[in-house]
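Trainee: can't give you the sequence, but here's the structure:
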């Protein structure tokens, strides 16, 4: 049986913390591989501006191309309509694999508001990494509540909080500040070449 990590997100843009989380998940959970799934049309961000999916997909390709056992899927990018996690997991679930859905603390706190959360827990093992601004005691309380309600087990990843976010990177680019500390060089080069986020070459 293969153990497969599923790491979804808008990746707007993908950054070093995403790669670190995927690496630690693979290592700590002894996964065979981690599949990155850029969101196509996420329902929880329908009121926010997100660059086109093809650009985000290409940035993920650039970011992971030198990492063994990291893969990418076009499933949500090519899917029509909204992308729901339980539907995505169904696409990757097979008799000979075990899915590990890797997500942030914010998703653990909001999971009851997602579409068909009970299906998510049936289809995969839920793996949570901490994010800045989330109290670990409150996360434990929520973890216990969700495990009891859905008769499941939630795993916490033991990681360093790098406190890097895509929104922070976009803001710094808009302000003319350097972002090469936070991105793989291949991703920054792609952003520069395609003038994404109105990137300009006179970054200070």
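Mentor: Thanks, I have it. As the structure is a computational prediction, the values presented were derived from the model and not from experiment.

Trainee: got a list of contacts for the longest helix that the chain contains?
Mentor: As assigned by DSSP state H, the longest helix anywhere in the chain is helix 136-150. The contact list for helix 136-150 (CB atoms under 8 Å, 6 or more residues apart in numbering) reads 105, 108-109, 111-112, 117-118, 121, 128, 130, 152-154, 156. (C-beta placed from N, C-alpha, C; glycine too.)

Trainee: Could you export the residues you listed to TSV, including columns for secondary structure, distance to residue 9 and pLDDT?
Mentor: Shown next, in TSV, are the contacts of helix 136-150 (DSSP: H, G, I helix; E, B strand; the rest coil; distance: CB to CB, whole Å; pLDDT from 0 to 100):
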residue	secondary structure	distance to residue 9	pLDDT
105	helix	14	95
108	helix	15	96
109	helix	16	96
111	helix	16	97
112	helix	20	97
117	helix	18	97
118	helix	22	97
121	helix	20	97
128	strand	14	97
130	coil	16	89
152	coil	22	97
153	coil	23	96
154	strand	19	97
156	strand	19	95
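
Trainee: Just the closest of those to residue 33, please.
Mentor: Relative to residue 33, the closest of those is residue 128; by CB to CB it sits at 19.8 Å.

Trainee: What are the buried residues along the longest helix of the chain?
Mentor: Residues of helix 136-150 classed as buried: 139, 142, 143, 146, 150 (neighbour count, 16 or more other CB atoms under 10 Å).

Trainee: average pLDDT across that helix?
Mentor: Here helix 136-150 scores 96 as its mean pLDDT.

Trainee: Residue 90 and residue 99, how far apart?
Mentor: Note on residue 90: its distance to residue 99, by CB to CB, to the nearest Å, is 10 Å.

Trainee: thinking again about what came up before, could you flag which of the contacts of helix 136-150 are buried?
Mentor: Applying 16+ other CB under 10 Å to the contacts of helix 136-150 flags 105, 108, 109, 111, 117, 121, 128, 130, 152, 154, 156 as buried.

Trainee: Could you check how far the third one is from residue 24?
Mentor: Spatial separation of residue 109 from residue 24 under the definition CB to CB is 21 Å.

Trainee: that older thread, could I get the buried residues of helix 136-150 as a markdown table with distance to residue 179?
Mentor: Output for the buried residues of helix 136-150, formatted as a markdown table (distance: CB to CB, whole Å):
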| residue | distance to residue 179 |
| --- | --- |
| 139 | 29 |
| 142 | 32 |
| 143 | 33 |
| 146 | 35 |
| 150 | 39 |
